[in-house]
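Colleague: Give the three-dimensional model of this entry:
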Amino acid sequence: MFKLLKIIVPLLFILGCSIKPSIEDAKLSDRNFSLEEFFEGETRAYGQFQDILGNVSRRFFVDIKGSWDGSNLVLIEDFTYEDGSEEQRVWTLTKADENSWLGSADGVVGTAEGKTAGDMFYWAYTIDLPTPSGDRRVSFKDYMWMLSDDRVLNKHICRSGVSHLERSQLCLRKINRCQFIKKSPPRDEALPPTPMHFCPDREIEDKFLQFHLDPACHNARFLFCLIEHWTLFHHQ
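Modeller: Numbering: from 1, shown residues only. Sure thing, here's the model as predicted:
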């Protein structure tokens, strides 16, 4: 076992230095991700949190109402978790220049910073999240990919303390462009088993979510997560 670890650890280091999402990555489309255009109006997102091993710890959906005044984008986010708990966060994003954004919200430490490039948006911030045992300081790195005019995939990588790492995947859709999502489900209605159910006709979304959600991918996902978490917090 020790010999195997001596082989795996250097391999993870080498791969970690070369494999990571980056705003500078080659783009797969000619779309330009305009936050003010996509988020103005109503958006619905479904997602779940997972630990470094890929185990799902919490599921949720969030309704987002956005308004753009030419300089500031205000996002009102209403979260509903599978256990019935609710949370609201209000973001104010200011467009610093053509591709850069600055943001603030209750609990955010300092200023959130983001950047767009082609069909991708990178967003980083630290926030004090309320918990039953007190505030928990969490650092987030968000990666968003615009798949179409009304669909975005969002990956959160979050770290609390020195070693506690989690991530979440979200599928976002514009409500005014999605015929089968008309309104929020009743509060007592159980959430769907996975966000994959809300992206049924997009092959790329299915494959992306299958890798992160399918138990059959557990071993590959474990190695992927080790590489991913190490690189994102040491090389971004």
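
Colleague: CA only for contacts and neighbour counts going forward, please
Modeller: OK.

Colleague: Dig out what Ser148 forms beta bridges with.
Modeller: Residues in a beta bridge with Ser148, per DSSP bridges, are Arg151.

Colleague: confidence score at it?
Modeller: Ser148 is assigned a predicted lDDT (pLDDT) of 93.

Colleague: again with Pro200
Modeller: 40.

Colleague: Repeat that for the one 4 residues further on.
Modeller: Ile204 carries a pLDDT score of 47 in this model.

Colleague: cool, and Phe233?
Modeller: pLDDT recorded at Phe233 is 47.

Colleague: cool, Gln48 as well?
Modeller: 92.

Colleague: what stretches of this protein score poorly on pLDDT?
Modeller: 1-20, 132, 162-164, 176-236 (pLDDT under 70).

Colleague: Can you show me the helices along it?
Modeller: 2-18, 35-39, 203-213, 218-232 (DSSP state H).

Colleague: Number of residues surrounding the residue nearest to Gln48 when sequence neighbours are not counted?
Modeller: Leaving aside its sequence neighbours, Gln48 sits nearest to Arg59 (CA to CA, 6 or more residues apart in numbering; 4.1 Å). The number of residues packed near Arg59 is 21, by other CA atoms under 10 Å.

Colleague: wait, what's in contact with Arg59?
Modeller: The contact partners of Arg59, taken as CA atoms under 8 Å, 6 or more residues apart in numbering, are Tyr46, Gly47, Gln48, Phe49, Tyr81, Glu82, Leu191.
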